[in-house]
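Asks: build me a structure from this.
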Amino acid sequence: MYPNNTGPQPEGQWSSGLCDCFQDSSNCCVTCCCPCITFGRVAEIVDRGQTTCACGGLIYYALAHLGCACLYTCTYRTKLRALYSLPEDPCGDCCVHFWCTTCALCQEYRELKSRGVDPTIGWVANAQKMNSGATTPPFVAPGMTR
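Replies: Residues are numbered from 1 along each chain as shown. A predicted model of the protein is given here:
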């Protein structure tokens with residue numbers, strides 16, 4: 001479950017636009033200099049701790065050097081959109097990550113923050129924060145199961 005500290009987000013809408021990177025200037029700088037950090041943080045939260053920040057970041061780093069990181073990162077955008085019923089906006093997930101990887105990562109990071117998750121502290125700390133009663137998690141429709 002994912003908390004929502006900032007009040008209800010409109011169902012099916014991103015909290016910020018793809019090009020609103022400077023709404024969180026510190027994350028924008030981190031993402032521009034080292035996108036593997038932002039991707040690792042997003043991946044850990046979206047995967048509920050099954051992928052660690054370090055592991056996600058290393059995979060991103062390796063794939064970026066092969067020129068195909070967008071094929072991996074777009075899958076996490078798809079997972080994030082499924083968690084919050086967000087539209088493919090402004091185009092498909094792979095296109096967004098192919099043409100605007102940095103902007104996409106910044107938007108995904110901001111989306112998690114706007115919904116009450118702090119990607120910098122990781123999944124375990126966020127789960128503990130949610131279980132302590134400090135936040136009330138919203139209803140998230142279950143995803144597909146195997």
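Asks: okay, R81 and W123: tell me how far apart.
Replies: Using C-beta to C-beta, to the nearest Å, we find R81 at a distance of 19 Å from W123. To be clear about C-beta, it is placed using only N, CA and C from the backbone, and glycine gets the same treatment.
Asks: which one's more surrounded, the two?
Replies: Between R81 and W123, counting by other C-beta atoms under 10 Å, W123 is the more crowded of the two (21 against 18).
Asks: my guess is E44 contacts I59. True?
Replies: No. If you go by C-beta atoms under 8 Å, E44 and I59 don't touch, sitting 11.9 Å apart.
Asks: the two - which one has more neighbours?
Replies: Remark: of E44 and I59, E44 carries more neighbours, 24 against 18, as counted by other C-beta under 10 Å.
Asks: check whether the more buried one sits in a helix, strand or coil.
Replies: helix (DSSP: H, G, I helix; E, B strand; the rest coil).
Asks: pull the longest helix from this structure.
Replies: Longest helix in the chain by number of residues (criterion: DSSP state H): helix 69-84.
Asks: in that helix, what's buried?
Replies: 69-70, 72-74, 76-81, 83-84 (16 or more other C-beta atoms under 10 Å).
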